[in-house]
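Engineer: Could you work out the structure for the sequence below:
(chains A and B)
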Protein chains: 2
Amino acid sequence: MLNQTVLALGKKRSTIREIFEYGNRRAAEVGRENIFDFSLGNPNVPAPDAVRRALLELVGQDPVAVHGYTSAQGAPACRKAIADNLNARFGTQYTGDQLYLTAGAAASISICFKALTASPADEFIVFAPYFPEYVVFIEQGAGAKCVLVPPQPADFQIDFAALEARLSANTKGVVINSPNNPSGAVYSEQTIDRLAALLTRKSEEYGHPIYLISDEPYREIVYDGREAPFIARSYPHTLVCYSYSKSLSLPGERIGYVLVPDVPGFDDLYAAVCGAGRVLGYVCAPSMFQQVVARCAGETADLSVYAENRKLLFEGLTGMGYACVKPEGAFYLFPQTLEPDDRAFCERAKKYDLLLVPGTDFGAPGHMRISYCVQTETIRRALPLFEKLAAEYR
Amino acid sequence: MLNQTVLALGKKRSTIREIFEYGNRRAAEVGRENIFDFSLGNPNVPAPDAVRRALLELVGQDPVAVHGYTSAQGAPACRKAIADNLNARFGTQYTGDQLYLTAGAAASISICFKALTASPADEFIVFAPYFPEYVVFIEQGAGAKCVLVPPQPADFQIDFAALEARLSANTKGVVINSPNNPSGAVYSEQTIDRLAALLTRKSEEYGHPIYLISDEPYREIVYDGREAPFIARSYPHTLVCYSYSKSLSLPGERIGYVLVPDVPGFDDLYAAVCGAGRVLGYVCAPSMFQQVVARCAGETADLSVYAENRKLLFEGLTGMGYACVKPEGAFYLFPQTLEPDDRAFCERAKKYDLLLVPGTDFGAPGHMRISYCVQTETIRRALPLFEKLAAEYR
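Structural biologist: Sure thing, here's the model as predicted:
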């Protein structure tokens, strides 16, 4: 009687949700401070003060204008401010007319999949390890096929042989997420250039463009003085899906954008994005936060805590013998588990009240995701427990 | 290559949008103050001061908590506050666990259609005149069929013979919108009782519940000391879709809810709503405004301006000979046009810079929608122009 697909999705608790609730039960037993919850991706650094100042300024303005509908694409002045900021940072020449403001990155990518899917045979390629909701948005949301590429655990860059074997005339798009959740990998210039060359060649071969859907909410969270390459400069048919959730620590406010490339057929591509937003029930991105992010487009939260946490956790764990690719961005560590069965390992870690997410959930068995968007003190106190856990396997 | 359905939806400018842009062009020629734009449904009264106070209070709190993710259903404390407020006003016994907070009423109804649609043969019944996006959300969004019931222009209550003729074993739900956009009609207790009795009888006949999807963003905007009946009390299988867009004048903020009834199978129904929200790319309702509406659930903007506008416009137009059902709620007047071709009539009205929306757009030809969420002075100055327009037809 009900939609069985969405019913199943609504009933199935995600692993992360289950861990969260387990943590709450344990916290009631032994105290919140004795639970080491590394399962969540909720930024723990406050939004920058510029956000507070922007909100205060807007609260003092005409509420009819601040809280009123904007056009479906977003307020023109906000879109222009965001385009100007991108141009200043990346040497691009975008206009506000290429931006479509959204209720965050999940909305952005859902809208792109919907806009591009012309047939149930259409395929989107996703690289493991991946954000699990991609599969939902591609298959249940847009009605297309999700084609998975296995991980390349040595560095979590792209396994090009595996990718090329999966490209076909049905490939509508390739999804990338760099800096990556859950691996923390940042695609190198070399990876991006090679990807761009391959997609260009295959687009020509198939006679239609393969779109690159670049999901980049972690764009600003990179370490060691690096900067994540701005991918859209390297491949024209890139749809940039952005969210201010991480850079401005505003995950609950649901504010982001799709940046539509100025390629031949732009008008149709932009219209399809608008139409997809309309079909999915989005009316406009939240209006007050459109204006907040326009004012704060050049700001970030103080991300130095993440840098400190990363150093402490990476050095601590590798010193104990955990094997781990050093993350270059985002706020996740993705070490190998100390036994091949990552679920069993994460279950065992609960003995020490260490809450970790099995890599299987991200398409990369034998790994665990450790979110380090937590208090530094939490990491400091957790390290001896990771050591005890490791000792069990020696 | 692109999704042709969403492309067409993205390319087709709505009539209201076209009128809006025509108005902008004319304003550049003759001055904004000489354009009488009655086409938009954007509330023109400010949000109540309680909203400003709530925002100020929240701006002073921990930003990590205020702007963080909430659970997909919404923050438990906010859901409880909203349920408590409903219970206090309507004598109901809802709990927060029956509420699913959304990004506004468009999201709410999209989610309900998606949750209930188990097969492409499933039908949702919509009464003309109707909000045109219903058709998009039902057909393109959920993949079900939209079945239209013609208007009953004498009072814009329900034509029960026409409804009964359209009910079938495929009927999954019936959509109502009272107070109504565009007619301003408020369903009477008698209409609701009769509808509930009919749907109960037909549900038994077909052996499955017919859901009532009650889209009620105008619930608090009623006149002459009336109160709109709280429909969910009259028919158990009612999914209430609400938005704070109109009552709190927050249309751009995208905040509302689905209220899931405590009927047998509640757990599955609620899970299907959650799953539908997930598939459509909604992560959580905007977090700061979850807390704003929880604090302001008992408030409304000062709606007295609408009452004054309604009186002035209704008395003015009927005095000139326009035939019009007196609206009991919302902020629209829906008079008959003075010639059967409503598009031609609205085109002619442009001569006087009166911008009106043809009833055909709402499935009710021979009518025009006049939004009176405008400055009272605008109405005062427009009335002589409506008189000149009427004189052309004498």
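Engineer: Quick check: the gap between the residue in the stretch 51-200 of chain A positioned nearest to chain B and A:Leu7.
Structural biologist: Per C-beta to the nearest C-beta, A:Ser110 is where the stretch 51-200 of chain A lies closest to chain B, at 3.1 Å. The way it works is simple: take the backbone N, C-alpha and C, and place the C-beta from them, glycine included. According to C-beta to C-beta, to the nearest Å, A:Ser110 stands 19 Å off from A:Leu7.
Engineer: tell me what the helix or strand bottoming out on mean pLDDT in chain A is packed against?
Structural biologist: Within chain A, no helix or strand scores below helix A:15-30, which has a mean of 87 by mean pLDDT, DSSP states H and E. Contacts defined by 3 or more C-beta pairs under 8 Å, 6 or more residues apart in numbering or on different chains; DSSP states H and E place helix A:15-30 against strand A:36-37, strand A:354-355, strand A:357-358.
Engineer: Is A:Ser214 in a helix, a strand, or coil?
Structural biologist: At A:Ser214 the chain is in strand, as set by DSSP: H, G, I helix; E, B strand; the rest coil.
Engineer: contacting residues for it?
Structural biologist: A:176-178, A:231-232, A:238-241 (C-beta atoms under 8 Å, 6 or more residues apart in numbering or on different chains).
Engineer: try it again with 6 Å
Structural biologist: A:Ser214 sits next to A:176, A:231, A:238, A:240 when contact means C-beta atoms under 6 Å, 6 or more residues apart in numbering or on different chains.
Engineer: can you check A:Met368 too?
Structural biologist: A:337, A:342, A:346, A:356, A:359.
Engineer: same deal with A:Arg343?
Structural biologist: Contact analysis of A:Arg343 by C-beta under 6 Å, 6+ apart lists A:Pro358.
Engineer: Same question for A:Phe289.
Structural biologist: Per C-beta under 6 Å, 6+ apart, neighbours of A:Phe289: A:253, A:255.
Engineer: any idea how far B:Glu377 is from it?
Structural biologist: According to C-beta to C-beta, A:Phe289 stands 32 Å off from B:Glu377.
Engineer: before we move on, what about A:Gly319?
Structural biologist: According to C-beta to C-beta, A:Gly319 stands 74 Å off from B:Glu377.
Engineer: got it, and A:Ser243?
Structural biologist: To B:Glu377, A:Ser243 is 42 Å away according to C-beta to C-beta.
Engineer: Pick out whichever of these two has more residues nearby.
Structural biologist: Applying other C-beta atoms under 10 Å in any protein chain shown to A:Ser243 and B:Glu377 shows that A:Ser243 carries more neighbours, namely 29 against 9.
Engineer: Leaving out sequence neighbours, find the closest residue to A:His67.
Structural biologist: With C-beta to C-beta, 6 or more residues apart in numbering or on different chains as the criterion, A:His67 has its nearest non-adjacent residue at 4.7 Å, and that residue is B:Leu250.
Engineer: What count of nearby residues applies to that neighbour?
Structural biologist: 30.
Engineer: With the one 3 residues further on instead?
Structural biologist: Under the neighbour criterion other C-beta under 10 Å, B:Glu253 is assigned a count of 30.
Engineer: Can you tell me the closest non-neighbouring residue to it?
Structural biologist: Per C-beta to C-beta, 6+ apart, closest to B:Glu253 is B:Phe289, 4.8 Å.
Engineer: Hmm, A:Pro251 is touching A:Tyr218, no?
Structural biologist: No. Between A:Pro251 and A:Tyr218 there is no contact under C-beta atoms under 6 Å: 11.9 Å.
Engineer: Verify the stated contact: A:Phe113 with A:Val135.
Structural biologist: No. Contact criterion C-beta under 6 Å: A:Phe113 and A:Val135 do not qualify, at 10.8 Å.
Engineer: Among these two, which residue is more densely surrounded?
Structural biologist: Legend: neighbour count by other C-beta under 10 Å for A:Phe113 and A:Val135, higher for A:Phe113 (28 against 16).
Engineer: Give the full set of residues in contact with the more buried one.
Structural biologist: Neighbouring residues of A:Phe113 by C-beta under 6 Å, 6+ apart: A:137-138, A:142.
Engineer: let's see 10 Å
Structural biologist: Shown in contact with A:Phe113 (C-beta atoms under 10 Å, 6 or more residues apart in numbering or on different chains): A:122, A:124, A:134, A:137-139, A:141-144, A:146, A:172-173, A:175, A:213, A:239, A:276, B:3, B:281.
Engineer: just to revisit the earlier point, touching, the residue of the stretch 51-200 of chain A closest to chain B and B:Gly277? I think so.
Structural biologist: No. Judged on C-beta atoms under 10 Å, A:Ser110 makes no contact with B:Gly277 at a distance of 11.4 Å.
Engineer: does A:Glu347 sit in a helix, a strand or a coil?
Structural biologist: Relying on three-state DSSP, one would call A:Glu347 helix.
Engineer: Just give me the neighbour total for it.
Structural biologist: There are 12 residues near A:Glu347, going by other C-beta under 10 Å.
Engineer: Name the residues of the stretch 251-394 of chain A found near chain B, please.
Structural biologist: For the stretch 251-394 of chain A, the residues in contact with chain B (C-beta under 10 Å from any C-beta of the partner chain) are A:251-255, A:265, A:267-292, A:301, A:373.
Engineer: all strands of the stretch 1-150 of chain A, in order?
Structural biologist: A:36-37, A:99-102, A:123-127, A:145-149 (DSSP state E, counting those that start in this stretch).
Engineer: Paired strands for the last one, with orientation please.
Structural biologist: Taking DSSP bridges as the criterion, strand A:145-149 forms sheet pairs with strand A:123-127 (parallel).
Engineer: The partner strand: which residues count as buried?
Structural biologist: Across strand A:123-127, burial judged by 16 or more other C-beta atoms under 10 Å in any protein chain shown covers A:123-127.
Engineer: again, but for stretch A:325-345
Structural biologist: A:325, A:327-338, A:342-343, A:345.
Engineer: Tell me the gap between that stretch and the middle of its chain.
Structural biologist: Taking the mean of its C-alpha atoms, stretch A:325-345 sits 17 Å from the chain's own mean (C-alpha atoms, centre = their mean, to the nearest Å).
Engineer: what's around A:Ile176, how many residues?
Structural biologist: Residues lying near A:Ile176 (other C-beta under 10 Å) number 22.
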